[in-house]
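In: Pasting a predicted model and its sequence here:
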Amino acid sequence: MTTRFAFEKLGQDGKARLGRISTPRGEIRTPAFMPVGTAATVKAMMPESVAATGADILLGNTYHLMLRPSAERIDRLGGLHRFMNWERPILTDSGGFQVMSLASLRKLTEEGVRFKSHIDGSDHMLTPERSMEIQRLLGSDIVMCFDECPALPADRGRIEESMRLSMRWAARSREAFGDRPGHALFGIQQGGLEEDLRAESARALRDIGFEGYAIGGLAVGEGQEAMFACLDHAPDQLPEDRPRYLMGVGKPDDIVGAVKRGVDMMDCVLPSRSGRTGQAFTRHGVVNIKNARHADDPRPLDEGCSCPACRSYSRAYLHHVFRSQEMISGMLLTWHNLQYYQDLMAGMRAAIAAGTFADWEAGFHAARAAG
Ligand SMILES: CNc1nc2cc3c(cc2[nH]1)N=C(N)NC3
């Protein structure tokens, strides 16, 4: 059991990396996918079920938890791990992105962002210092810097100005984080799709020094081609001996392309959100289980999957419970999708370890093309 936070690179195949993050609450196998537990729950899942899918770490959100039930209340109750009954590592986002995407009546100044809650319209202020305090009260193992995420579309000038503000906020985040052994603070690279701005941001973050580095400002509607073009250089601009975390990504083929380009950690609401709407990810592509063609299909969703939905139920049953809006529908399909994502990560980790990532990737795409 370690009392420190440490990242070890265990292997590499091309740009794809195999690693392990050690924390006092357990180890994280990388490349890693983090299920999103926004309001202290991975929706429709018990924590032990999330662990059973193979997830080593999950994500929480400063923005949502500060609004309800508040960081102070969670702290009084023993912290977020105790509160949500998840004793493995938790990474919390800093609120920067959610304030831009969810809050109303935002006022941005050098100090921070004043905004109205999307829940009850109450007034709030987030600054780097307050975001660090909230994430400390929550007790998260990996804390994200408080950054400014520009609303898109944005011109180069706006992106440049926003990135430089985020770098000043990164320094304030580092200062406010303090000395917390066993806990990590990750910087967030900004700069849109501009290689030179991303390089400037990476230099600024390196000069401050962080336990890990996130690639922010992507998965915001730019499309896969533009994202991959950015990922052809952004990871290489970040320290190679620290974890690289691509925020908000993504579809299965996004994830494979990101790992191929040197990304170690990702998070996305897609598997859980899609699970609740009846969209299932399988090795042969996406299955919309509400479609009438599944009504009499006795086969499992994915014959190669070990999750409860695929082990014990037919497509016909899943079709039925979605059509009749039964609660078990979202539970089964969320579990399946999270299992599919964890199996994808396990497959890539094994391929990198064996030096067969290129073949594994070819097989991944061939199975989807076969449909
Ligand atoms: C869904 N796409 C997405 N892009 C992101 C980008 C960022 C983020 C969260 C995201 N989610 N959180 C931050 N604190 N900064 C950058």
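Out: Yep, that arrived. Residues are numbered from 1 along each chain as shown.

In: need the residues of this protein near the ligand, please.
Out: Contact residues (C-beta under 6 Å from any ligand atom) of the chain with the ligand: 93-94, 96-97, 144, 147, 149, 188, 216-217, 219-220, 247-248. Yep, even glycine has a C-beta here, placed from its N, CA and C like the rest.

In: These in helices, which ones?
Out: Taking DSSP state H, the ones among these that sit in helices are G96, F97.

In: of the residues of the chain next to the ligand, closest to S131?
Out: S94 (4.6 Å; C-beta to C-beta).

In: The residue nearest to the spatial centre of the chain: what's it in contact with?
Out: The centroid of the chain falls nearest to D267 when counting by C-alpha atoms, centre = their mean (1.6 Å). By C-beta atoms under 8 Å, 6 or more residues apart in numbering, the contact set of D267 is F33, M34, P35, V36, L59, L91, Y245, M247, G248, V249.

In: For the ligand, what is the nearest residue in the protein?
Out: Closest to the ligand within the chain is G248: 2.2 Å, counting by C-beta to the nearest ligand atom.

In: What about the nearest residue to that residue once chain neighbours are set aside, how many residues nearby?
Out: Leaving aside its sequence neighbours, G248 sits nearest to A219 (C-beta to C-beta, 6 or more residues apart in numbering; 3.8 Å). A219 has 22 neighbours, counted by other C-beta atoms under 10 Å.

In: cool, the one 10 residues further on as well?
Out: When neighbours are counted by other C-beta under 10 Å, A229 registers 14.

In: Pull the contacting residues for it.
Out: Counting by C-beta under 8 Å, 6+ apart, A229 touches L193.

In: quick one: which helix or strand includes the residue located most distally from the centre of the chain?
Out: Here the centre of the chain is the reference, and by C-alpha atoms, centre = their mean the most remote residue is D296, at 36.1 Å. Using DSSP states H and E, D296 sits in no helix or strand.

In: so who does D236 touch?
Out: Residues in contact with D236 (C-beta under 8 Å, 6+ apart) are K15, G262.

In: repeat that with 10 Å
Out: For D236, the contact set (C-beta atoms under 10 Å, 6 or more residues apart in numbering) comprises K15, A199, A202, R244, R261, G262.

In: Now for these: which two are most distant?
Out: Distance extremes for the contacts of D236: the farthest pair is K15 and A199 at 17.4 Å, using C-beta to C-beta.

In: Relative to C145, how far out is G54?
Out: 28 Å (C-beta to C-beta, to the nearest Å).

In: which residues in the stretch 51-200 of the chain form helices?
Out: Taking DSSP state H, counting those that start in this stretch as the criterion, the stretch 51-200 of the chain carries its helices at 62-67, 71-76, 80-84, 96-102, 128-138, 156-177, 195-208.

In: As PDB, could you dump the C-alpha coordinates of the second one?
Out: Taking only C-alpha atoms (Å, rounded to 0.1, in the frame of the first residue of the first chain), the coordinates of helix 71-76 have been written out as PDB:
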ATOM      1  CA  ALA A  71     -18.800  20.300  -0.600                       C
ATOM      2  CA  GLU A  72     -19.100  21.300   3.100                       C
ATOM      3  CA  ARG A  73     -22.000  18.800   3.700                       C
ATOM      4  CA  ILE A  74     -20.000  16.000   2.000                       C
ATOM      5  CA  ASP A  75     -17.000  16.800   4.100                       C
ATOM      6  CA  ARG A  76     -19.000  16.700   7.300                       C
END
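
In: Quick one: list the elements packing against that helix.
Out: The contact analysis (3 or more C-beta pairs under 10 Å, 6 or more residues apart in numbering; DSSP states H and E) places helix 71-76 against helix 62-67, helix 80-84, helix 128-138.

In: Turn those into a markdown table, columns for mean pLDDT and mean neighbour count.
Out: Putting the helices and strands packed on helix 71-76 into a markdown table (pLDDT from 0 to 100; neighbours: other C-beta atoms under 10 Å) gives the following:
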| stretch | mean pLDDT | mean neighbour count |
| --- | --- | --- |
| helix 62-67 | 98 | 24 |
| helix 80-84 | 98 | 19 |
| helix 128-138 | 98 | 23 |
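
In: so which of those comes closest to M348?
Out: It's helix 80-84; of those, that one is closest to M348 (C-beta to C-beta) at 27.6 Å.

In: Tell me how far the closest one lies from the chain's centre.
Out: Helix 80-84 sits 19 Å away from the centroid of its parent chain (C-alpha atoms, centre = their mean, to the nearest Å).
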